[in-house]
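Enquirer: Build me a structure from this.
(chains A and B)
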Amino acid sequence: MLEEAQGVVAQISGEDIAAAARYLAAGLCMGIGAIGPGIGQGIAAAHALDGIARQPEMEGALFRTMIIGQAVAESTGIYSLVVAIVLLFVV
Amino acid sequence: MLDHLGEKLIARVSIGDFVVRFDLITIIMSWIVIAILVGLAFYLRRGLRQNIEEKPNRIQAVLDALIDVLQEQLLSNFISTSLARRMFPFISTLFLFVLVSNWLSVIPYLQSPTQNLNVTASLALLVFFTSHLLALRRKGGRRFLKGFIEPYPFMLPINLVSELAKPVSHGFRLFGNIFGGTLLITVVSAMIPLVLPVGLTIFFGLFIGLIQAFVFAVLAVAYINLAVES
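Expert: Okay, the predicted model is just below:
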């Protein structure tokens, strides 16, 4: 039985471990990287809603500014997406 | 199942020792976008030949509405009306090109040109050079260079990095959104080939495409504003 286990261990090459680490890293990168933009966009949307509730006639301008702010807040999430894509397909 | 992912049709043109590589699919799709925009422009222009006193026909009304929306949404962000008037063709063309590019992926067998980083990066560089050349012409060389050492001279590296980070994030944002959406649709279609990909395509292709085209144009306006006024 020990010999069998040793055979299995011998079959796992360094490339397999590197591939496993890549997939794990891509998942972690996307998961942790999405926390910040999620919170940031939520805060932006919440305050825009506050503003619209207070002054409904300003809805157009508030919505536009909210979208821009959210798009800027999203860029760190996009960076982590790019890093994850590079990890999965390029490295 | 997903082995075809990342396959590209690359054309190589060698000039002496220097090899230039072209992504043929992206180039063809960009030309399709250009053909759609130019064709629409020529087609819609025929509806405009009439007196001002006449009642506007349908094409005229649609174009008026389009120009109104673009002016209201994009131009109201400019710091001055003269700048807005001057940059309106550039910004609205940028918006329409990115919008049609993003929406192209809804049609089967067609790809968005914007899911290639080279396209979005070149558009972002276009905005970068436009904003700085405009700032150079408006402010003159001395004041333009002085803008980089404000508020203190030792802030120069920070200012340079923040200027250079703008086109990078501008290009990556559009690329990441469109490419991420396409990738998600491809992976989900391979797992669940029924119904769900249709909704995802509509959401990512039409909704996110519109939002991102708008964001790209508005950020271009914001960068030009920042470069010109600061």
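
Enquirer: residues in contact with the residue of chain A at minimum distance from chain B?
Expert: Distances between chain A and chain B by Cβ to the nearest Cβ are smallest at residue A:78, namely 3.5 Å. (Glycine included, C-beta is placed from N, CA and C.) Listed by Cβ atoms under 8 Å, 6 or more residues apart in numbering or on different chains, the contact set of residue A:78 reads B:172-173, B:176-177, B:180.

Enquirer: Tell me how many other residues crowd residue A:65.
Expert: Counted with other Cβ atoms under 10 Å in any protein chain shown, the neighbours of residue A:65 add up to 16.

Enquirer: ok, and what's touching stretch A:38-48?
Expert: A:62-63, A:65-66, A:69-70, A:73-74, A:77.

Enquirer: Tabulate those in a markdown table, adding columns for secondary structure.
Expert: What follows is the contacts of stretch A:38-48, written out as a markdown table (DSSP: H, G, I helix; E, B strand; the rest coil):
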| residue | secondary structure |
| --- | --- |
| A:62 | helix |
| A:63 | helix |
| A:65 | helix |
| A:66 | helix |
| A:69 | helix |
| A:70 | helix |
| A:73 | helix |
| A:74 | coil |
| A:77 | helix |
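
Enquirer: Compare the contacts of residue A:78 and tell me which is most surrounded.
Expert: Most neighbours among these, by other Cβ under 10 Å: residue B:177, with 26 neighbours.

Enquirer: Quick check: buried residues in the helix or strand hosting that residue?
Expert: Taking DSSP states H and E as the definition, residue B:177 sits inside helix B:156-191. Within helix B:156-191, the residues scored as buried using 16 or more other Cβ atoms under 10 Å in any protein chain shown are B:163, B:166-167, B:169-183, B:185, B:189.

Enquirer: do stretch B:200-208 as well
Expert: For stretch B:200-208, burial by neighbour count (16+ other Cβ under 10 Å) applies to B:200-201, B:204-205.

Enquirer: what does it contact?
Expert: B:102-103, B:105-106, B:177-178, B:181-182, B:184-185, B:188.

Enquirer: For those, give me TSV that also has distance to chain A.
Expert: Listed next are the contacts of stretch B:200-208 as TSV, based on distance: Cβ to the nearest Cβ, whole Å:
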residue	distance to chain A
B:102	14
B:103	18
B:105	17
B:106	21
B:177	7
B:178	11
B:181	10
B:182	11
B:184	10
B:185	15
B:188	15
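
Enquirer: Show me which pair in these is furthest apart.
Expert: B:103 and B:188 (19.6 Å; Cβ to Cβ).

Enquirer: Closest to the centroid, which residue in chain B?
Expert: Nearest to the geometric centre of chain B sits residue B:98, at 3.9 Å (Cα atoms, centre = their mean).
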